[in-house]
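In: predicted model follows, preceded by the sequence.
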Amino acid sequence: MEAASMKPDLRPMLATLIDKPFDDPNWIFETKWDGFRLMAEIKDCSASLYSRNLIDLSSKYPSICGVLRGIGHFAVIDGELVALDAEGRSRFQHAEREKVPLRYCVFDLLYLDGEDLRDHPLVERKEMLERILPKHRLLHYSTHVWDHGIAAFKRAAKAGEEGIMAKLAMGRYYSGQRTREWLKVKASQGQEVVIVGFTAPRRSRQYFGSLLLAVREGKYWRYVGRAGTGFDGATLKSLHGLMVPLITTSKPVAETVPDEANTNWVRPKLVGEVKFTEWTSKGKMRHPVFLGLRTDKKATDVVKEEPKPEAGPVH
C-alpha cells in the first residue's frame with residue numbers, strides 16, 4: 001500500500017433537494033440510500049470510518065473496517081452505512097438496532113495512492129472505485145443509470161425506497177460544500193429535526209408522550225411539530241435517558257406550543273429524523289413519525305429542507 005502524500009479532506013460533498021425527477025443525458029442516477037453517511041480512509045494497513053461531522057466511528061463497525069483493509073491501497077471513499085429490512089431495502093430506523101444486517105454502500109472515490117481524484121470526472125472516479133472494491137457481503141458498489149431519471153425515480157418509489165440521487169456525470173467532488181451537481185429527489189417526505197422538549201406520558205405509555213421538534217432558523221429555533229409515534233418500549237426508555245440530563249427551565253423556542261404546561265424543555269442537542277405527510281400552511285409537519293436519532297450532524301446545522309425547482313448544475 002502506498003502512503004498518502006497529502007492530508008486528505010474528509011468532509012463529504014452535500015446534495016441539494018429538488019422537487020421532481022428529470023431526464024438528462026449528462027447526468028447519472030443512483031439509489032438514495034436511507035442510512036448514515038460515512039467517509040472511509042484506508043491507509044497503512046488500517047481503515048477508519050468517519051461521520052459527516054468527522055467523528056471517528058471505526059470502533060463501532062470493526063467488521064466493515066476489516067473488509068475495507070483488504071482494498072490494499074491508500075484510499076478515501078464516500079458511502080452510506082445502511083441497515084436492510086426483510087425485503088433488502090435500506091431503512092434508517094433499523095440502523096441502531098442489534099442483529100440487523102448492515103452494509104456499506106459506496107459511491108465515490110476521492111483519493112487513491114496519494115493522488116487527489118476530486119477534480120476527475122465523477123464517472124471516472126466511480127470506475128476506479130469499482131475496480132478496487134473487494135467482493136464482500138458487507139460492501140456494495142452503488143450502480144447508476146444514465147439519462148433516465150424519471151424512470152429510475154418511479155422504480156424507487158414503487159419499491160418503497162427513499163428516492164434517487166442525480167449526479168452530473170462529468171462533475172468534480174466539492175468537499176464540504178452543498179452543490180447543484182448532486183441533487184436528491186425524495187419519494188416520501190423526510191426531515192432532520194432537533195428535540196427541544198417532551199411531554200409527560202399518558203395512559204399506559206412509559207417515559208414520555210411526544211417529542212417537541214424544531215429546526216434552526218437563523219440564530220433561533222423554530223418549532224415545527226411533535227412526534228408521538230414511531231417508538232417501541234426500548235426507544236422510549238433510551239430516548240428518555242438521553243433527554244433527562246438535558247432538561248432546562250429555558251424554553252428553546254419562541255412560539256407558544258400546545259400543552260406547554262405538560263412539557264419538559266430540553267437543551268437542543270439531540271438530532272433525529274422523522275417522516276411526515278406534508279408541511280402545513282403554518283410551517284408545521286403533519287403527522288410526523290419518529291425514525292431515530294442521528295449522530296452524524298450538529299444540531300445547529302438542522303434547517304428546514306425545502307426542495308428547489310429542478311435546474312442545471314450550480315454550486
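Out: Received, thanks. Just so it is clear, the model here is predicted, and its values are computed rather than measured.
In: so which residues of this protein form helices?
Out: All helices of the chain, identified by DSSP state H, fall at 62-69, 122-132, 149-158, 233-243.
In: between these, which one is nearest to residue 24?
Out: Residue 24 lies closest to helix 149-158 among the helices of the chain, at 6.9 Å (C-beta to C-beta). Every C-beta, even on glycine, is put in place using the N, C-alpha and C of the backbone.
In: in a markdown table: the helices of the chain, plus mean neighbour count, distance to residue 165 and mean pLDDT.
Out: Shown next, in a markdown table, are the helices of the chain (neighbours: other C-beta atoms under 10 Å; distance: least, C-beta to C-beta, whole Å; pLDDT from 0 to 100):
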| stretch | mean neighbour count | distance to residue 165 | mean pLDDT |
| --- | --- | --- | --- |
| helix 62-69 | 17 | 21 | 94 |
| helix 122-132 | 17 | 11 | 97 |
| helix 149-158 | 17 | 9 | 91 |
| helix 233-243 | 15 | 29 | 93 |
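In: could those helices go into CSV alongside distance to residue 202?
Out: Formatted as CSV, those follow (distance: least, C-beta to C-beta, whole Å):
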stretch, distance to residue 202
helix 62-69, 41
helix 122-132, 51
helix 149-158, 36
helix 233-243, 13
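In: quick one, which of the ones you listed is nearest to residue 276?
Out: Across these, the minimum distance to residue 276, taken as C-beta to C-beta, is reached by helix 149-158, at 16.9 Å.
In: other SSEs contacting the closest one?
Out: strand 23-31, strand 163-168 (3 or more C-beta pairs under 8 Å, 6 or more residues apart in numbering; DSSP states H and E).
In: off-centre distance for the shortest one?
Out: Using C-alpha atoms, centre = their mean, to the nearest Å, we find the averaged C-alpha position of strand 163-168 to lie 14 Å away from the chain's own average C-alpha position.
In: each with direction, which strands does that strand pair with?
Out: Partners of strand 163-168 in the sheet, by DSSP bridges, are strand 23-31 (antiparallel), strand 178-186 (antiparallel).
In: what comes into contact with it?
Out: Residues outside strand 163-168 that contact it (C-beta atoms under 8 Å, 6 or more residues apart in numbering): 15, 18, 21-22, 24, 26-32, 107, 122, 144, 149, 152-153, 156-157, 181-188, 313.
In: buried members of those residues into PyMOL, please.
Out: Remark: buried members of the contacts of strand 163-168, expressed as a PyMOL selection using 16 or more other C-beta atoms under 10 Å:
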select buried, resi 15+18+21+22+24+27+28+29+30+31+32+107+122+144+149+152+153+156+157+181+182+183+184+185+186+187+313
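In: quick one on the thing from earlier: how about the helices and strands packed on helix 149-158 in TSV, adding mean pLDDT?
Out: Formatted as TSV, these follow (pLDDT from 0 to 100):
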stretch	mean pLDDT
strand 23-31	96
strand 163-168	96
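In: so can I have JSON lines of those showing distance to residue 206?
Out: Output for these, formatted as JSON lines (distance: least, C-beta to C-beta, whole Å):
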{"stretch": "strand 23-31", "distance to residue 206": "37"}
{"stretch": "strand 163-168", "distance to residue 206": "35"}
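In: out of the ones you listed, which is closest to residue 83?
Out: Here strand 23-31 is closest among these (C-beta to C-beta), at 14.6 Å.
In: what angle separates that closest one from helix 149-158?
Out: 30 degrees (axes from the mean of the first three to the mean of the last three C-alpha atoms, to 10 degrees).
In: isn't residue 64 right up against residue 104?
Out: Yes. Under the criterion of C-beta atoms under 8 Å, residue 64 makes contact with residue 104 at 5.1 Å.
In: any shared contact partners between these two?
Out: 81, 138-139.
In: which one of the helices and strands packed on helix 149-158 lies closest to residue 216?
Out: Minimum separation from residue 216 across the helices and strands packed on helix 149-158 (C-beta to C-beta) falls at strand 163-168, 23.4 Å.
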